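Participant: Predicted model follows, preceded by the sequence.
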Amino acid sequence: MDILLVASAFNSLAQRVYAELSDQEHRVDVVLASHGADAMRAAVRQTRPELIIAPMLKTALPDDVWRHHTCLIVHPGPPGDRGPSSLDWALAEGATRWGVTVLQAEAAMDAGAVWAAVPFDVPPVGKSDLYRGEVSDASVAAVLLAVRRYAGGAFKPQPQSDPSIRVVWRDYFRQERRRIDWDGDTTDTVLRTLRAADSQPGVLDELLGREVFLHGGHPEDELRGRPGELLATRAGAVCRATRDGAVWIPELRPRRASGDPAPFRRPAAFVLASLRAAPRSALPELPAPLELPPCRRTWTDIRYRQRGDVGFLTFSFPGGAMSTGQCRRLLAAYRYALARPTSVLVLGGSRDFFSNGIHLNVIEAAPDPAAEAWANLHAIDDLVEAVLRTTDRLVVAALGGNAAAGGVMLALAADEVWCRTGAVLNPHYRRMGLFGSEYWTYTLPRRVGAGTAQRLTTEALPVSATSAAALGLVDRLLPVAAQEFAAEVERRAAGLAAVADLDRRIAAKRVRRARDESARPLAQYREAELARMGAILFDPHAPHHALRSAFVRKAPPAGARPLAPAPDPG
């Protein structure tokens, strides 16, 4: 079937719907609604779709499009739920059960007949994590069901006037509803407010006399202070006291001032430093140990634990981006893990993003973006090289969520790649105008062959977990819900450590690495890749700089083609 996707942005959900429909052998095209009604009309005329699907749409479809074509809208709420802030209301009201509805477009917002609906449980996670996990799973299941029903021709969609559907309209969830009362709100209330706006739009607040948006929230069980007081920093995050405890806030975004360029999210401690007259040392940096006691309820972005012969090095960076400092800390943690007596080391293994590579927001905000990008590349290359040179145990990359660019290449440095079936991979750099680094010219062709590597990096399209396994990018698919991924990884890792021929596999790995090094040293791959990257980063006229700026500010890059999939804004 010829299907046209209409999306306000080619975000994680739109990418997954695109990839999953493509796996079903549908011919799928994409038009970005942000390019306007005329672009949408032109795409319809050009592609002549049998079906139009909007997986993520913030604006209405043109009347002449939905009146003359069957258009299905993916709404992140159960049947009868209406309004532009469905997930925000669900999290604010503490819903434990929610759903996704695929409904037919009509004049009234979210009022069309229901083609499919899939419910899901709501875990205690942030909105963006929920969106890329449970919402994404339910959305894809609902879309595929709706497409089958449409193709069959016999299904009659259920009108929302049906008495079994309770219609509830919820207004736009404005900042006034998100205000935190630091003197009166409990820690749980503060966390619920922060998590309901963690990626977008953030929670508007005031720090050091400046209005800022707070992004993300995690509990702290030991630090205490006056409500609203800033207590400490840790790995870029800031800890702030509540009435009965404290919370960690990983990122901040200054409110836009008149005439200034659009601000963007950055590690909280660095934003605070730009607001302070005093040096950053005014707040103590309180690092957390890699191995935290199970009873601790605090935030840290890197953890290590061990179960028998298996080590688990988990990390979770906002948006999946890895700055120079984060890469260096993860490398130090990796070396710590290598010093532990294990035969299997699992890298990753938590839900949501695995990694998206270098941190474009930190680079964009740097006084010298090219120099910061260069440092970031070297730091992530050092990490990938350490994984590639590990020959005394098996390394497993466990992807509970999406990965892109250098994050995919980090995973490919491992001996085995395990991937949750709901994840989407973007094994390319082209949409940012980059050649790429992270030893991809070694790891990608050895996995999929030179021809497929060339195709993946030039077509620059998202790949579903299922297709990634068929291509050889992934060794094991884990068909579990996001909440169950960590436990499933632990179970399978224990089984891997117990196999009878593990020592033989490790010995064979050592021989293979020595053979590859003799044929072409890793240093040569790195030197060649960095030469190409340096030529781009230090060229002020290279398209990468405008693409990066547009990406971090969530603005369409100049000259973007309406039918060209764009980078996932996370």
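Facilitator: Structure received.

Participant: residue farthest from the centroid of the chain?
Facilitator: What lies farthest from the middle of the chain is residue 163; by Cα atoms, centre = their mean that is 38.7 Å.

Participant: In the lengthiest helix in the chain, which residues are buried?
Facilitator: When the chain is scanned for its longest helix (criterion: DSSP state H), the result is helix 369-388. Of all the residues in helix 369-388, those buried under the rule 16 or more other Cβ atoms under 10 Å are 369-370, 372-381, 383-388. C-betas here are computed from N, CA, C, even on glycine.

Participant: I figured residue 438 hits residue 409, correct?
Facilitator: Yes: counting by Cβ atoms under 8 Å, residue 438 does reach residue 409; the two are 3.7 Å apart.

Participant: Which elements pack onto the longest helix of the chain?
Facilitator: Secondary-structure packing of helix 369-388 (3 or more Cβ pairs under 8 Å, 6 or more residues apart in numbering; DSSP states H and E): helix 324-338, helix 360-365, helix 406-412, helix 522-537.

Participant: Can I get it in CSV? Just the C-alpha atoms.
Facilitator: Extracted in CSV, the C-alpha atoms of helix 369-388 (Å, rounded to 0.1, in the frame of the first residue of the first chain):
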residue,chain,number,x,y,z
PRO,A,369,31.9,25.0,18.9
ALA,A,370,34.5,23.5,16.6
ALA,A,371,37.0,23.0,19.4
GLU,A,372,34.3,21.5,21.6
ALA,A,373,33.1,19.2,18.9
TRP,A,374,36.7,18.1,18.3
ALA,A,375,37.2,17.4,22.0
ASN,A,376,33.9,15.5,22.1
LEU,A,377,34.9,13.4,19.1
HIS,A,378,38.2,12.4,20.7
ALA,A,379,36.5,11.6,24.0
ILE,A,380,33.9,9.3,22.4
ASP,A,381,36.5,7.7,20.2
ASP,A,382,38.5,6.9,23.3
LEU,A,383,35.5,5.2,24.8
VAL,A,384,34.7,3.2,21.6
GLU,A,385,38.4,2.2,21.3
ALA,A,386,38.4,0.9,24.8
VAL,A,387,35.4,-1.4,24.0
LEU,A,388,37.0,-2.6,20.8
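
Participant: C-terminal to it, which secondary structure element comes first?
Facilitator: Tracing the chain C-terminally past helix 369-388 and defining elements by DSSP states H and E, one meets strand 394-400 next.

Participant: Can you list the low-confidence ranges for the stretch 151-300 of the chain?
Facilitator: 258-259, 277-281 (pLDDT under 70).

Participant: where exactly do the strands run in it?
Facilitator: For the stretch 151-300 of the chain, applying DSSP state E, counting those that start in this stretch gives strands covering 168-169, 203-207, 210-215, 218-220, 230-234, 237-241, 246-249, 251-254, 266-267.

Participant: Dump the ones you listed into CSV; add distance to residue 434 and mean neighbour count as well.
Facilitator: Shown next, in CSV, are these (distance: least, Cβ to Cβ, whole Å; neighbours: other Cβ atoms under 10 Å):
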stretch, distance to residue 434, mean neighbour count
strand 168-169, 45, 12
strand 203-207, 33, 18
strand 210-215, 26, 20
strand 218-220, 32, 20
strand 230-234, 31, 21
strand 237-241, 28, 24
strand 246-249, 31, 26
strand 251-254, 24, 23
strand 266-267, 21, 26
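
Participant: Any idea how many residues pack against residue 287?
Facilitator: Counted with other Cβ atoms under 10 Å, the neighbours of residue 287 add up to 11.

Participant: gap between it and residue 250?
Facilitator: 15 Å (Cβ to Cβ, to the nearest Å).

Participant: now do residue 555
Facilitator: Using Cβ to Cβ, residue 555 is found at 23 Å from residue 250.

Participant: Compare the two (neighbour count), which wins?
Facilitator: Counted by other Cβ under 10 Å, residue 555 and residue 250 do not tie: residue 250 has more neighbours, with 27 against 14.

Participant: Report the contact partners of that one.
Facilitator: Applying Cβ atoms under 8 Å, 6 or more residues apart in numbering, one finds that residue 250 lies in contact with 215, 216, 218, 236, 237, 267, 268, 299, 301, 318.

Participant: does the last one really touch residue 216, like I thought?
Facilitator: Yes: at 6.1 Å, residue 318 and residue 216 qualify as touching, with contact defined as Cβ under 8 Å.

Participant: any common contacting residues for those two?
Facilitator: With Cβ under 8 Å, 6+ apart, residue 318 and residue 216 have common neighbours 250, 251.

Participant: Now render the strands of the stretch 151-300 of the chain as TSV, adding distance to residue 338.
Facilitator: Below are the strands of the stretch 151-300 of the chain laid out as TSV (distance: least, Cβ to Cβ, whole Å):
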stretch	distance to residue 338
strand 168-169	54
strand 203-207	39
strand 210-215	33
strand 218-220	28
strand 230-234	24
strand 237-241	26
strand 246-249	28
strand 251-254	30
strand 266-267	27
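
Participant: Counting neighbours, what do you get for the nearest residue to residue 113 once chain neighbours are set aside?
Facilitator: Of all residues not flanking residue 113 in the chain, residue 157 sits nearest, at 3.6 Å (Cβ to Cβ, 6 or more residues apart in numbering). Using other Cβ under 10 Å, the number of residues around residue 157 comes to 18.

Participant: check contacts around residue 157.
Facilitator: 103, 104, 112, 113, 114, 115, 149.

Participant: Distance-wise, check it relative to residue 53.
Facilitator: Computed as Cβ to Cβ, the residue 157 to residue 53 distance reads 14 Å.

Participant: Equivalent analysis for residue 137, please.
Facilitator: 17 Å.

Participant: Who has more neighbours out of those two?
Facilitator: Taking neighbours as other Cβ under 10 Å, residue 137 and residue 53 compare with residue 53 leading, 27 against 19.

Participant: ok, for the more buried one, nearest residue in space, not its chain neighbours?
Facilitator: With Cβ to Cβ, 6+ apart, the residue lying closest to residue 53 is residue 72, at 4.9 Å.

Participant: Using the three-state scheme, assign that neighbour.
Facilitator: Following DSSP: H, G, I helix; E, B strand; the rest coil, we place residue 72 in the strand state.

Participant: thought it was touching residue 101?
Facilitator: No: the pair residue 72 / residue 101 is not scored as a contact, 10.1 Å apart, by Cβ under 8 Å.

Participant: ok, the two, which is more surrounded?
Facilitator: Neighbour tally, residue 72 and residue 101, criterion other Cβ under 10 Å: the higher count belongs to residue 101, 29 against 25.
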